[in-house]
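Trainee: how does the following fold in three dimensions:
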Amino acid sequence: MATGAYQISINKVADHFHVAGGALTWSISSVGLANGSLLLLMGSIADLFGRRYSVLTAFTLYSMFSLIGGFMNNYIAVCIFRALQGVVVAVGTPAAAGIIGANYPIGRRKNRAFACFAAGAPLGMCFGLVVGGIAAEFSTWRAIHFFNTVWYALLATVAFITVPKDQDTELSKKGKLATLKELDYMGAFLSLTGFTLFCFSLTQVDVTVHGWKTPYIIALLIVGSLLIVALFVWEKYVPRKPLIPMEMWSNSRFARSITIMSLLWLCFAGTLTYFSILFFENVQARSPLLTTAYILPMGIVGILTNIFIAFTLHVIPGKILLLAASLSFCGSAVIWATVSKNRLYWAGPFQAISLSVIGADTAYNVCNMVTMTSVSKNLQSSAAGVFNTVIQLSGAVGLAISSAVVNARNPLYGTPQQNDDPVKLLDGFRNAWYCAIGYSVVAVILSCFLKIGTYGNSQHEEAEPEIVSETLPQGFDGKTSP
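Mentor: Residues are numbered from 1 along each chain as shown. Below is the predicted model:
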């Protein structure tokens, strides 16, 4: 919800703090970077200390950080508190998914439960777009923070009353402390610093006078890349209980589905959604409220897509659904890459928006099911952490790459003069949409070689005990609760 509100009011933030281009994306990507880098660690902690407690903590802290961020007068401070919001989202998201996974056995009801969970994304986006549009049209970006303060405080109260107590967290205090000592903090540190430096180097290109010739840009890019490589080396060889057990990647179906999901989220969150809003507001000079109306079908189509998936996931093979999702993204990216400045909304942008959200929600449901059925009930939160880590980091990295390629085509992007020539600005956006075409084409090819059956029929069984045995925290015996 907050991301949708922020994206629709992005120009209000830009005008208030006098930022643009890659630097402006940090008000969006800071959440994803913090969220994605810490999801795996927080998923383990949620399993350890209780999912209900984690959800309540997440709602409460999100409300608090929203309130503090609303009073900030410095752009960097705003981005820091947005990042802190991402940290608490990393606490709540895997815990919420774990509550569903632990309370529903594999079957049609679980399909529908996760479809409802996935439908929260388009519903939240829809709600956030309305809140952001109203705030941008009649108030300031601060109104978004204050609204979120009240909204998430209310959600914390409702969750306290309605969320059931955990039934399968039985570790003693001594056992919890012992497990805390074994958590992979170095892995989380390498993930956070590596991806942050990598994205920072790409988004700062349009801020510096000499661009790629600026020494610290190249230095940060190299250091960030090396830290990301070090993360995977560390996870494979060093920790006794790694955040990312390398054994799970030996499952080709799991590895390919996660790779496809990463490529599609580079399209969706990293390119199509962000630049579609900039197209309406900066190229076509539409008001925030009108832009909200243009983007709102994303939420409606997303809800309909989740309803369709909930009732067909046990009938249509996941391979077919994932191939359809990849083709939807490809179609959306092609439409955006060929759009003109004065293109009518109903003659291209509407179809592109609809196709992108069809692809996003279809892929989310299929890949989420692959992930969640690969581990025991005790580790549902950790499995959700792996899945959502890929989503969040892909979106953040996608924004950084998109900003860099747009600036490569339009040097004015990221400067106060970027909106002086809307046609040239649009021409720069095409580079980002060309990247999205490339991502989606690779996803289509990979989908053709993926074997995923149906989920929820009586013959289906997706558990992977060899993965489970490598990721159980100390104190768990690997058996699911009755």
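Trainee: any weak-confidence spans in the stretch 101-250 of the chain?
Mentor: 106, 118-119, 122, 167-173, 175-176 (pLDDT under 70).
Trainee: just the CA trace of stretch 230-245, in CSV.
Mentor: C-alpha atoms of stretch 230-245 as CSV (Å, rounded to 0.1, in the frame of the first residue of the first chain):
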residue,chain,number,x,y,z
ALA,A,230,31.1,-13.3,-1.3
LEU,A,231,27.6,-13.8,0.0
PHE,A,232,27.1,-16.9,-2.1
VAL,A,233,30.6,-18.2,-1.3
TRP,A,234,29.9,-17.6,2.4
GLU,A,235,26.5,-19.3,2.3
LYS,A,236,27.9,-22.4,0.6
TYR,A,237,31.0,-23.0,2.7
VAL,A,238,31.0,-21.2,6.1
PRO,A,239,27.8,-21.1,8.3
ARG,A,240,26.5,-24.2,10.0
LYS,A,241,23.0,-23.0,9.4
PRO,A,242,23.1,-20.6,6.3
LEU,A,243,20.3,-18.2,5.4
ILE,A,244,20.3,-19.7,1.9
PRO,A,245,20.9,-23.5,2.0
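Trainee: show me which residues of it are buried.
Mentor: By 16 or more other CB atoms under 10 Å, the buried positions in stretch 230-245 come out as 231-232, 234-235, 239, 241-245. Glycine gets a C-beta too; all of them are placed from N, C-alpha and C.
Trainee: now do stretch 342-360
Mentor: Buried residues in stretch 342-360 (16+ other CB under 10 Å): 343, 345, 349, 352-360.
Trainee: try stretch 329-336
Mentor: Those would be 329-336, for stretch 329-336 by 16+ other CB under 10 Å.
Trainee: and for stretch 310-328?
Mentor: Those would be 310, 312-314, 316-319, 321-328, for stretch 310-328 by 16+ other CB under 10 Å.
Trainee: which of these fall within helices?
Mentor: Members of those lying in helices (criterion: DSSP state H): 310, 312, 318-319, 321-328.
Trainee: pLDDT and distance to Tyr364 added to these, as a markdown table?
Mentor: Formatted as a markdown table, these follow (pLDDT from 0 to 100; distance: CB to CB, whole Å):
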| residue | pLDDT | distance to Tyr364 |
| --- | --- | --- |
| Ala310 | 80 | 12 |
| Thr312 | 85 | 15 |
| Gly318 | 82 | 12 |
| Lys319 | 85 | 16 |
| Leu321 | 91 | 11 |
| Leu322 | 91 | 11 |
| Leu323 | 93 | 15 |
| Ala324 | 94 | 13 |
| Ala325 | 95 | 9 |
| Ser326 | 95 | 13 |
| Leu327 | 96 | 16 |
| Ser328 | 96 | 12 |
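Trainee: quick check: of the residues you listed, which lies closest to Arg256?
Mentor: Using CB to CB, the shortest approach to Arg256 within those belongs to Leu322, at 9.3 Å.
Trainee: residues in contact with that closest one?
Mentor: If a contact means CB atoms under 8 Å, 6 or more residues apart in numbering, then Leu322 has 257, 260, 362-363, 366-367, 447, 450, 452 as its contacts.
Trainee: Ala396 now?
Mentor: Residues near Ala396 by CB under 8 Å, 6+ apart: 29, 32-33, 36, 195, 199, 270.
Trainee: could you redo the last one with a cut-off of 7 Å?
Mentor: 29, 32-33, 36, 195, 199 (CB atoms under 7 Å, 6 or more residues apart in numbering).
Trainee: how about Thr292?
Mentor: Here Thr292 is in contact with 8, 129-130, 133 (CB under 7 Å, 6+ apart).
Trainee: and the residues you listed, which of them are in strands?
Mentor: Secondary structure from DSSP state E places none of these in strands.
Trainee: any chance of a markdown table for the residues you listed, columns distance to Thr371 and neighbour count?
Mentor: Shown next, in a markdown table, are the contacts of Thr292 (distance: CB to CB, whole Å; neighbours: other CB atoms under 10 Å):
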| residue | distance to Thr371 | neighbour count |
| --- | --- | --- |
| Ile8 | 30 | 30 |
| Leu129 | 28 | 28 |
| Val130 | 31 | 19 |
| Gly133 | 34 | 23 |
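Trainee: look up the closest residue to Pro422, ignoring the ones flanking it.
Mentor: Among residues not flanking Pro422 along the chain, Val283 sits closest, at 4.7 Å (CB to CB, 6 or more residues apart in numbering).
Trainee: so what's the one you found up against?
Mentor: 341, 422, 425-426.
Trainee: Met72 in helix, strand or coil?
Mentor: Secondary structure state of Met72, per DSSP: H, G, I helix; E, B strand; the rest coil, is coil.
Trainee: run a quick neighbour tally on the residue nearest to it when sequence neighbours are not counted.
Mentor: In space, and not counting its chain neighbours, Met72 is closest to Val78: 4.8 Å by CB to CB, 6+ apart. If you count neighbours by other CB atoms under 10 Å, Val78 ends up with 23.
Trainee: follow-up on the earlier one: between the ones in helices among the buried residues of stretch 310-328, which is closest to Leu296?
Mentor: Ser328 (18.6 Å).
Trainee: list the contacts for the closest one?
Mentor: Ser328 neighbours (CB under 7 Å, 6+ apart): 355, 358-359.
Trainee: check Met186 too.
Mentor: So Met186 contacts Trp234 (CB under 7 Å, 6+ apart).
Trainee: how far away is it from Ala333?
Mentor: In this view, Met186 and Ala333 are 37 Å apart by CB to CB, to the nearest Å.
Trainee: hmm, what's the outermost residue in the chain?
Mentor: Lys174 (34.7 Å; CA atoms, centre = their mean).
Trainee: which element is that residue on?
Mentor: Using DSSP states H and E, Lys174 sits within helix 173-182.
Trainee: quick check: next helix or strand after that helix?
Mentor: helix 185-203.
Trainee: for that next one, output the C-alpha coordinates as CSV.
Mentor: Extracted C-alpha coordinates of helix 185-203, given in CSV (Å, rounded to 0.1, in the frame of the first residue of the first chain):
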residue,chain,number,x,y,z
TYR,A,185,24.2,-12.6,10.7
MET,A,186,27.2,-12.3,8.4
GLY,A,187,25.1,-13.5,5.5
ALA,A,188,22.5,-10.8,6.2
PHE,A,189,25.3,-8.2,6.4
LEU,A,190,26.8,-9.3,3.1
SER,A,191,23.4,-9.2,1.4
LEU,A,192,22.5,-5.8,2.7
THR,A,193,25.8,-4.1,2.0
GLY,A,194,26.4,-5.8,-1.3
PHE,A,195,23.1,-5.0,-2.9
THR,A,196,22.9,-1.5,-1.4
LEU,A,197,26.3,-0.5,-2.8
PHE,A,198,25.5,-2.1,-6.1
CYS,A,199,22.2,-0.2,-6.5
PHE,A,200,23.7,3.0,-5.1
SER,A,201,26.4,3.0,-7.7
LEU,A,202,23.9,2.6,-10.5
THR,A,203,21.5,5.2,-9.3
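Trainee: so which bits of it are buried?
Mentor: Of the residues in helix 185-203, 186-203 count as buried by neighbour count, 16+ other CB under 10 Å.
Trainee: then stretch 396-410?
Mentor: Buried-residue list, stretch 396-410, by 16+ other CB under 10 Å: 396-407, 410.
Trainee: and those as CSV, adding secondary structure and distance to Ser54?
Mentor: Compiled in CSV, these are given as follows (DSSP: H, G, I helix; E, B strand; the rest coil; distance: CB to CB, whole Å):
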residue, secondary structure, distance to Ser54
Ala396, helix, 22
Val397, helix, 26
Gly398, helix, 28
Leu399, helix, 27
Ala400, helix, 29
Ile401, helix, 32
Ser402, helix, 32
Ser403, helix, 33
Ala404, helix, 36
Val405, helix, 38
Val406, helix, 38
Asn407, helix, 39
Asn410, coil, 44
